Each structure stands twice: as structure tokens, then as C-alpha cells.
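>>> with the input below, show me the fold.
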Amino acid sequence: MALELAYVVAAVLFILGIKMLGRAETARRGNVVSAGGMLVAVVATLVSGGMAWTWIVVGLVVGGAVGTVAARTVQMTAMPELVALLNGSGGLASMLVATAEWWGQPVGSPLRNVAIVLAIWVGSIAASGSVMAWGKLAGRVPGRSVRLPAHAFVSVALFVASLAAAVVFVWPLPSGLMALALGVLVVTALVLGVTQVLPIGGADMPIVVSLLNASSGLAASMAGFVLDNSALVVAGSLVGASGFILTDIMCRSMNRSLANVLFGGLSAAPSGSAKVEGDVQPIGMEDAYYILEAAANVVVVPGYGMAVAQAQHAVRELAEQLEANGAEVRYAIHPVAGRMPGHMNVLLAEANVAYEQLVEPDDVNPTMDTVDVAIVIGANDVVNPAAREDAGSPLYGMPILNVDEARTTFVLKRSMNPGFSGVQNPLFVKPNTRMLFGDAKETVTALVSEFKNA
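A predicted model of the protein is given here:
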């Protein structure tokens, strides 16, 4: 009775925490509330299993220390990679738990075996796929789309082999045959996770991270059925459902289907991408200051380059200078900017940018032609006019921020290299675009100094 009551309390805390995550003002508290729910569920489970409090405390201290070190030492630029690894850890844990449960009790009903199969299959794909996503995000694996020889055939063969192993495993058979089927299932699922993520690149990575997060939640829910643990079922279902909803939102933001992301992918060197012709127009710091000083309406568009340069605090300081000068400043956030869902929102929140200043593409695009200056900081694909103008571009049809329609557009970049998708960007040679080359943080800091010294 006490255990079920603890699980109910944990479930309520999970739901309240997720609800709080929906608003910037309560997101921190929601994170703490959800973590509290997990603490209640874990402690209650261990106590009911007969574990001594000494070992429970030791586990909490060691785990808490590891988490604290990770939270304090991982840079914001590496947060997508960390999220990918955490997704993989969840999938791996579910796979190991389900495997261990069958190993301890190999005889069970077909329904129980179905839950074991799903936990192992989904957990294995989430684990290896997340490691591959981490490799792409960290630069350990080429970020572009990579296809193996006969890639489609290999993927289909792996799927069929894992499906056959699952069918064999579900029905009660001699334990030796079931163990063999289990081994085939694990191996094929792990390889399938790699082959599914390997060809995905470009602007699709935020969608992949979201989908892997949902998959790890689904695997955890299946593991909960295997263990007959209602708290794990609820927690996994919440993560899985919210992850799939977020994945759908991300796909809609790119005007693409999930099937197209998984089986199409963006190529790093798209053959249909038109070559950009024209001359770029660099601008000096002093001239950029004069244009900004006269601006009454400024829109800042952050991208992954801002995260790499750790320029978010300098950007907020520049916005404060502009506001003190009488300008209205807004931050236009594209849902897939960065390397994970909400990446730019997290960075700007860290810099104490007011949530009310953040706007979405649909809010700012209709009035972009009235914006005096649009400042693009390290963003590429989400501001690429080819998505609107070039039917042959792989980005065509993807909703973007129409910064090329602003009266003046500043683009802060280190070089003329294209974005993560590899698609050339005609924005750089538009007549109203001025390029500010160099490190984003140093450039923005220099602009702040121009205001302070004026």
C-alpha cells in the first residue's frame, strides 16, 4: 500500500513538473519537481525491494555527485551532445533491465515476452542511435548524410532479422533458442540504430534528438510493464508522449514529414542546391554602429554560431544598449535553430533575456519589412532564402525567418561556409546584407564598446 501511494505521489509530481516546463517562468521549478518525483519513485522501489538505507544513500550521493559535476562542467555548446548521451543511457538501461528480468525468469507469458521484446528493441535502437547522434553533434562522426553501400538493403535486412528474432522470442520455447533469439534481437537492433541515424544530417538533428528522447521514454515504459512497476510506466509514457509531440512540432516547423527525415535526410552536398553568385558586402564596426544607432526596430536571430562563441551574454548587453538608445529589440527564435529543441531559448535564458522578447517566425515574418536591422548571429539554414525561392534546394518549403526582407541585415559569421546542411545561402549576397566577419562574441562586444564610447 505504501509503495503504491509513493508511486501515485511520484506520478503527480511528474505531471506537475512537465506542466511547469511549459512556461519559462516556472521551468526551473518544474525541473526540480520532476526530479523530486523521480527521487520518490526510486527510493520507494529500492526500499520495497529490501535494499538497506546505507546503500540507497551511497547510491544517491555517488549519482548526485556525477550529475553535479556534469551539470557544472559541460559547456552550453556541448549540451546537445549531453542530451543525446542521456537519451542513449535511458535506452541502454531499459534494454539491460528487460534482458536481466528475462534471464532471471525465462519462463513467462507471451504478453510479458512482448513487453521484453519492445523494451529491448526500442531501447537498443535508442542507445546506439543516440551514440551516433552524439558523434555527429560532437564532430566525431561526419555531420553530413552518410550512406553505406547498399544502405537501404542493409537496413531492411536488419529490420527483418530483428522482427524474426522478436517473433521467435515471444512464444515460449526452449530457453536456449530464446537466448539465441534474444542475442540476434539485441545485435540487429543496435546496428539498426546506427544505420538509421548515420544518413541523417543537416538541419534534421534537432528532430533526431527529440525522437530518440521519445524512444528512450517508450523503452522505459515497456521496462515498467516487465517489472510491473507503475511509476516507471507512467514516467516512461510521459517522456515518450511529450517527446513524440515535440518531434511532430519540429517536423511541422520544417514542413517535412517524419518519414522524410528518417528515410530521406538532407545531404551535406545537395546536388539540387543552386550555386550562389554575387559579391558579399563586408562592413566595418564603426559603420555598423551608426546603422544600429539610428535603428528603432531591431530583430536578433541567434543560431548555433552564437552557442559556439558563447556570445549570448554579449548579445543581451548589446540589446540593452539598443534599448537605452530607444530601439525596440526582439529575439526571433526558429524552432530548429541549434542542435537540439529549444537550444537558443536555453542560451538566452541563461543570459537572463526576458521571455517576452522572444518571438517565433509566424509572429515576426509578417512585419519583417518594417524592421530596421536584423542581426543574424551564427544562423544559416533557418534564414536561407533558398527555402522560399529555389525549388531545387533541399531546404525548399521549410519555413524560415525572412530576414532578407528587413531594411538592413547584419550577418555575423567566421567565414562564408554554408550551414550544417551544406546548402549555399544567397542571403550573404543580398543587396541589403552586410557581413561582419569574425568571432561572434568579439564582434558583438566591439559593437557594445562603440555604444559605450559614443
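>>> point to the helix or strand of this structure where mean pLDDT is at its lowest.
Within the chain, confidence by mean pLDDT, DSSP states H and E is lowest for helix 258-263 among all helices and strands, at a mean of 75.
>>> now do that one: which elements does it pack against?
Taking 3 or more Cβ pairs under 8 Å, 6 or more residues apart in numbering; DSSP states H and E as contact, the helices and strands that helix 258-263 lies on are helix 205-227, helix 230-253. The way it works is simple: take the backbone N, C-alpha and C, and place the C-beta from them, glycine included.
>>> which neighbouring elements make contact with the first one?
Contact partners of helix 205-227 among helices and strands, from 3+ Cβ pairs under 8 Å, 6+ apart: helix 79-104, helix 110-138, helix 230-253, helix 258-263.
>>> winner for burial among the ones you listed?
Mean neighbour count (mean count of other Cβ atoms under 10 Å) peaks for helix 110-138 among the helices and strands packed on helix 205-227, with a mean of 24.
>>> following that helix, which helix or strand comes up?
The C-terminal neighbour of helix 110-138 among helices and strands, as given by DSSP states H and E, is helix 151-170.
>>> residues contacting that next one, please?
Counting by Cβ atoms under 8 Å, 6 or more residues apart in numbering, the neighbours of helix 151-170 from elsewhere in the structure are 110, 113-114, 116-117, 121, 148, 177-178, 181-182, 184-185, 188-189, 191-192, 195-196, 199.
>>> for it, the distance to its chain's centre please.
Using Cα atoms, centre = their mean, to the nearest Å, we find the averaged C-alpha position of helix 151-170 to lie 28 Å away from the chain's own average C-alpha position.
>>> how about it as PDB, C-alpha atoms only?
What follows is helix 151-170, C-alpha atoms only, in PDB (Å, rounded to 0.1, in the frame of the first residue of the first chain):
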ATOM      1  CA  HIS A 151      22.400   1.100 -47.200                       C
ATOM      2  CA  ALA A 152      18.600   0.600 -47.800                       C
ATOM      3  CA  PHE A 153      19.100  -3.200 -48.300                       C
ATOM      4  CA  VAL A 154      21.200  -3.400 -45.100                       C
ATOM      5  CA  SER A 155      18.600  -1.500 -43.100                       C
ATOM      6  CA  VAL A 156      15.700  -3.600 -44.400                       C
ATOM      7  CA  ALA A 157      17.600  -6.900 -43.800                       C
ATOM      8  CA  LEU A 158      18.400  -5.800 -40.200                       C
ATOM      9  CA  PHE A 159      14.700  -4.900 -39.600                       C
ATOM     10  CA  VAL A 160      13.500  -8.200 -40.900                       C
ATOM     11  CA  ALA A 161      16.100 -10.100 -38.900                       C
ATOM     12  CA  SER A 162      15.200  -8.300 -35.700                       C
ATOM     13  CA  LEU A 163      11.500  -8.900 -36.400                       C
ATOM     14  CA  ALA A 164      12.100 -12.600 -37.000                       C
ATOM     15  CA  ALA A 165      14.000 -12.800 -33.700                       C
ATOM     16  CA  ALA A 166      11.300 -11.000 -31.900                       C
ATOM     17  CA  VAL A 167       8.600 -13.400 -33.200                       C
ATOM     18  CA  VAL A 168      10.700 -16.400 -32.100                       C
ATOM     19  CA  PHE A 169      11.300 -14.900 -28.700                       C
ATOM     20  CA  VAL A 170       7.700 -14.000 -28.000                       C
END
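>>> mean confidence for that helix?
Mean pLDDT, helix 151-170: 88.
>>> that helix: which residues count as buried?
155, 158, 161, 162, 165, 166, 168, 169, 170 (16 or more other Cβ atoms under 10 Å).
>>> the inter-axis angle of that helix versus helix 79-104?
Here helix 151-170 runs at an angle of 30 degrees relative to helix 79-104 (axes from the mean of the first three to the mean of the last three Cα atoms, to 10 degrees).
>>> would you mind identifying the next helix or strand past helix 151-170?
Where DSSP H and E defines the elements, the next helix or strand beyond helix 151-170 is helix 175-197.
>>> now do that following helix against helix 110-138, angle only.
Inter-element angle recorded for helix 175-197 and helix 110-138: 30 degrees (by the same axes, to 10 degrees).
>>> report all helices and strands that helix 175-197 contacts.
Using 3+ Cβ pairs under 8 Å, 6+ apart, helix 175-197 sits against helix 79-104, helix 110-138, helix 151-170.
>>> now render those helices as JSON lines, adding distance to residue 324.
As requested, the helices and strands packed on helix 175-197 are arranged in JSON lines below (distance: least, Cβ to Cβ, whole Å):
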{"stretch": "helix 79-104", "distance to residue 324": "31"}
{"stretch": "helix 110-138", "distance to residue 324": "37"}
{"stretch": "helix 151-170", "distance to residue 324": "55"}
